[in-house]
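1. What would the 3D arrangement of this be:
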Amino acid sequence: MSYIGRQLNLPASTVQLTADGAISAGDPVVIKSSGDAAKVDSTDAPLTSENFIGFAENDCTDNGLATIQLGGSVNDKQSSLTAGQTYFVQTDGTIGLTADSPSVTAGTAVSSTEILVKG
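-> So this is what the prediction gives:
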């Protein structure tokens, strides 16, 4: 892994899945038992310790094709991160510095807008 200025060079690890509901770029995403991707939320797509798969790379409508950045990828659709800090997925579909219940690590910030997805 090399870090050159603000560009982190890693092989792309993505998957494309059908979206169950609208997903915005940068949203934490879970895989549902149907095999569809969904934005984390407390009712329709609750977070478990096993179903977080990564972050959305693109905006996607319901039943559209969502590209999900998996572990080892860098998602550059974040804001207000602190480089070097570990972030956790929250049950409301956000990420934060403290673990929620269940505790699910999202990744480590490499800049104010980029997170290295936990894999």
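2. before we move on, which element is Thr43 in?
-> Using DSSP states H and E, Thr43 falls within no helix or strand.
3. Tell me, how many residues neighbour it?
-> By other CB atoms under 10 Å, the residues close to Thr43 number 5. Yep, even glycine has a C-beta here, placed from its N, CA and C like the rest.
4. can you pull the contacts of it?
-> Thr43 sits next to no residue when contact means CB atoms under 8 Å, 6 or more residues apart in numbering.
5. mind checking how far it is from Gly21?
-> For Thr43, the distance to Gly21 equals 11 Å [CB to CB, to the nearest Å].
6. same thing with Gly84?
-> 33 Å.
7. out of those two, which sits in the more crowded spot?
-> Between Gly84 and Gly21, Gly21 has the larger neighbour count (other CB under 10 Å), namely 17 against 9.
8. was I right about the more buried one contacting Ala37?
-> No. Using CB atoms under 8 Å, Gly21 is not in contact with Ala37, being 9.1 Å away.
9. start to end distance for stretch 20-32?
-> 9 Å (CA to CA, to the nearest Å).
10. err, stretch 63-73, not the other one
-> Counting by CA to CA, you get 24 Å between the two ends of stretch 63-73.
11. Nearest spatial neighbour of Ser112, chain-adjacent residues omitted?
-> Of all residues not flanking Ser112 in the chain, Leu81 sits nearest, at 5.3 Å (CB to CB, 6 or more residues apart in numbering).
12. Which positions in stretch 20-33 come out as buried?
-> 20-21, 23, 25-32 (16 or more other CB atoms under 10 Å).
13. Kindly report the same for stretch 75-88.
-> So for stretch 75-88, counting by 16+ other CB under 10 Å, buried means 75-78, 81, 87-88.
14. what's the closest of those residues to Ile95?
-> Nearest to Ile95 among those is Tyr87, at 4.4 Å by CB to CB.
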